[in-house]
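Enquirer: sequence below, structure please.
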Amino acid sequence: MRYSVNVPNFGDFADPRTVATVARAAEDAGWDGLFVWDHVVHSKEMRRGLPFGDPWMLLTAAALATSRIRLGTLVTPVARRRPEQLARQVATLDVLSGGRVIFGAGLGGPVEDEFGSFGDETDPVVLAGKLDEGLGLLARYWAGERVDHDGPHYRVRDVELLPATEQQPRPPVWVGGFWPNRRPFRRAARWDGVVPLFASGHGAPPTPEEVHDVAAYVGEHRAGGDSFDLVAGGRTTPEAAADVVGPLAAAGATWWDERGLYESPDLYSRATVLRRIEAGPPRP
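Expert: A predicted model of the protein is given here:
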């Protein structure tokens, strides 16, 4: 089991210096990863008036402040970005960090706010198609291939994007989705990990039964026997954390992702997050 800290890219964490401080504190306290959200406005009604930071700039600050912990987004809506631009950003961060990037991908949302606000496509079927096609392109760019591609959403003519990522053939790709929707989990089975969200919501730990069901379903759709990560997350207190996380590990989780409650201002509070980080990860 590995342990990560999860912060949004708004509020106090819009400042790269704050994210660097949090990342260094997490590394010093024995955590294994730091993940940030990738939103432009998130929910406009809920987050109006808050500053937002670019996730790749935030993670660059974190990389420069650390030497060990894994870094990434949970999750990047691939359909909202040009694959070639995204490939450059991720490859640059992976080289800078010495191969510590984990790439979290998903459909993204809230769709009307994050996409519709800018006149972008909001049909989830189209967004899912762009996600799948975009992930395929990213893997080829990261490997340093010369790419020709003619797909329903993207066209590429004789392009090689260098440098390739430090990790070869690519960084690990984790795919997010809402359980029990099945399609995101079949997508995740083709990659390296899954980041499920449950009806209990962001910040509330799932049950061992939910984690077991996700692990079983993804396992049924995995083509190979390579290692695969299942990320369970929520908010814990230091005193009870091990009791929460232990049964989830037994049910199939390989990462515990410490997260704030979705509707609480503590979610984007530097002081609150640092207190939990400094108490250390919930190791048995």
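
Enquirer: switch to C-alpha atoms for all contacts and neighbour counts from now on
Expert: Noted.

Enquirer: right, and the helix or strand after the one helix or strand residue 84 maps to?
Expert: Taking DSSP states H and E as the criterion, residue 84 maps to helix 83-96. Sequence-wise, the next helix or strand downstream of helix 83-96 (DSSP H and E) is strand 101-106.

Enquirer: sheet partners, orientation included, of that following strand?
Expert: Using DSSP bridges, strand 101-106 pairs in its sheet with strand 70-77 (parallel), strand 173-178 (parallel).

Enquirer: tell me the angle of it relative to helix 83-96?
Expert: 150 degrees (axes from the mean of the first three to the mean of the last three CA atoms, to 10 degrees).

Enquirer: tell me what the helix or strand just after strand 101-106 is packed against?
Expert: Per DSSP H and E, strand 101-106 leads on to helix 111-114 as the next helix or strand towards the C-terminus. Contact partners of helix 111-114 among helices and strands, from 3 or more CA pairs under 8 Å, 6 or more residues apart in numbering; DSSP states H and E: none.

Enquirer: so what's residue 264 up against?
Expert: Shown in contact with residue 264 (CA atoms under 8 Å, 6 or more residues apart in numbering): no residues.

Enquirer: oops, could you answer that again for residue 235 instead?
Expert: 203, 204, 205, 258, 259, 260, 261.

Enquirer: show me the contacts for the closest residue to residue 236 other than its chain neighbours.
Expert: Leaving aside its chain neighbours, residue 236 sits nearest to residue 258 (7.1 Å; criterion: CA to CA, 6 or more residues apart in numbering). Residues in contact with residue 258 (CA under 8 Å, 6+ apart) are 3, 4, 5, 6, 203, 233, 234, 235, 236.

Enquirer: beta partners for the third one?
Expert: Taking DSSP bridges as the rule, residue 5 bridges to residue 34, residue 258.

Enquirer: wait, it sits on residue 30?
Expert: No - using CA atoms under 8 Å, residue 5 is not in contact with residue 30, being 10.9 Å away.
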